[in-house]
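J.: turn this into a model:
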Amino acid sequence: MATRIFPALAFVGVLGGCAWAPGPALDSSRLHDDIGAKTGTQTYPVQLIDAAVISRQIDAVATANSQVTPATGADLAQSIAKYEYRIGPQDLLGVTVLYNPQLSSSAANMPPAPIAPGADGAQQQAPLEQNGFRVGANGEVYYPPVGMLRVGGKTVEQVRSMISTALSKEIRDPRVDVRVVSYRNSRIDVTGLVKNPGSLQVTDVPLSMINAIARTGGTLPDADVQKVRLTRGDKVYELDLDTLTERRNGVGDFLLQGGDIINVPDRLSSRIFVMGEVVKPTSLLMNKGRLTLADALAGVNSIDIRAADPRQVFVIRGARENPTQPAVYRLDMTQVDALLLSTQFRMEPLDVVYVGTSDAVRFNRVLEQITPTIQTLFFTKQLGK
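T.: Next up is the predicted model:
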């Protein structure tokens, strides 16, 4: 009898010794977690990938391309032809009067600007720097031979005409030239994955979207040029630089405005994830914003033919507006037309591709888990005899 009890006690001791077994283990005694509880009861409809799904995708892409952006309907050549720089606060203006150098802004004997009391009672003088007159915050500039001029929002030609008209009272047919000595009023900020992010001043030379990216050294290899964001006022536009340069869908390059902010993001937000019974589970970066389901499967060396159920290739897509309500699509790789449709099914950023396990493999894996236990019980029984 003792010979039978001893092996049983030894077996129990071995099981108890698992607490001291080597290897990583988490002490769950301080965790209150019901692993057996359901994580949710909501069900999600599954759409079989067929011709109707592909057709809806094509319509959705066409709708997205038709959305209004600064590039929509823009004719770059006409925009450049109509472009005129508008003078604003902090700009420096230079004035030259032909045959009357004493009236020019660069003249050493330019009459002094008037002195007016400031807000604190101190005396302030109209600013003259770098041989130019600085436009004040109220859009006014003081030109001593004429006086105060409201130049904010006007073109250089309009200011030239104003000064010429004022000087004509004292000078016959004055020849006046006005130029912006230093542009300080507005700028365009370029951020993100460009070689030299920074600010670009708005000048009398029109600046387009492609020009701005080029002047900052171009994009970096990890930049997502299909999702460049342009912030203009309270609106944010998502633009595809490739579309702008290639003029696809009737959309081409366009001029920027002062205050615009360009951000070139990285491609991490354009990943997709391939999991389940595939040869090499991994995440894939979309190539220029494009990737099909066939590309995704090829990128992981296809499904694992020994374990996968070819009828269970799922695409799980979470909408940006409501990520808790995923859309689920399924591809049946046993059908020849489905294989062709996989080459047209467009992936979207952060999609998850999951390949299910065949029933036979699941059964075999259960056997693999319980076989060692059965063997241990068998040998324990034999030792107890």
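
J.: so where do the helices sit in the stretch 101-250 of the chain?
T.: 156-167, 209-215, 241-246 (DSSP state H, counting those that start in this stretch).

J.: buried stuff in the shortest one?
T.: Neighbour counts over helix 241-246 (16 or more other CB atoms under 10 Å) mark 241, 243-244 as buried. Using the backbone N, CA and C atoms, a C-beta is placed for each residue, glycine as well.

J.: repeat that for the second one.
T.: Neighbour counts using 16+ other CB under 10 Å place 209, 212-213 of helix 209-215 among the buried residues.

J.: packing partners of that helix?
T.: Packed against helix 209-215 by the contact rule (3 or more CB pairs under 8 Å, 6 or more residues apart in numbering; DSSP states H and E) you find strand 187-192, helix 241-246, strand 261-264.

J.: who are the packing partners of the helix or strand hosting Q382?
T.: Assigned by DSSP states H and E, Q382 belongs to helix 359-384. Packed against helix 359-384, as judged by 3+ CB pairs under 8 Å, 6+ apart, are the following elements: helix 2-16.

J.: contacting residues for V141?
T.: When contacts are counted by CB atoms under 8 Å, 6 or more residues apart in numbering, V141 touches 93, 126, 133-135, 148-149, 151.

J.: out of those residues, which is nearest to G318?
T.: Set against G318, the nearest of these by CB to CB is V135 (50.9 Å).

J.: now the helices and strands packed on helix 209-215 in a markdown table, with mean pLDDT and distance to I316?
T.: A markdown table is the format used below for these (pLDDT from 0 to 100; distance: least, CB to CB, whole Å):
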| stretch | mean pLDDT | distance to I316 |
| --- | --- | --- |
| strand 187-192 | 96 | 29 |
| helix 241-246 | 83 | 28 |
| strand 261-264 | 96 | 28 |
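
J.: I305 is nearest to which of the ones you listed?
T.: It is, among the helices and strands packed on helix 209-215 and with distance given as CB to CB, helix 241-246, at 36.7 Å.

J.: follow-up on the earlier one: ChimeraX command to pick out the buried ones of the contacts of V141?
T.: In ChimeraX, a selection of the buried entries from the contacts of V141 looks like this (16+ other CB under 10 Å):
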select :93,126,133,134,135,149,151
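
J.: just the contacts of V141: which are in strands?
T.: 93, 133-134, 148-149 (DSSP state E).

J.: among the helices of the stretch 101-250 of the chain, which is nearest K235?
T.: Comparing the helices of the stretch 101-250 of the chain by CB to CB, helix 209-215 comes nearest, at 15.1 Å.

J.: how far does that closest one sit from the chain's center?
T.: Here helix 209-215 is found 17 Å from its chain centre; the criterion is CA atoms, centre = their mean, to the nearest Å.

J.: over to stretch 45-52?
T.: 30 Å.

J.: and the ones in strands among the contacts of V141, which is closest to R267?
T.: R134 (44.1 Å).

J.: and the buried residues of helix 209-215 as CSV, adding pLDDT and distance to V178?
T.: Listed next are the buried residues of helix 209-215 as CSV, based on pLDDT from 0 to 100; distance: CB to CB, whole Å:
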residue, pLDDT, distance to V178
M209, 94, 30
A212, 96, 27
I213, 95, 32
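
J.: got JSON lines for these, with distance to F379 too?
T.: JSON lines is the format used below for the buried residues of helix 209-215 (distance: CB to CB, whole Å):
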{"residue": "M209", "distance to F379": "75"}
{"residue": "A212", "distance to F379": "75"}
{"residue": "I213", "distance to F379": "71"}
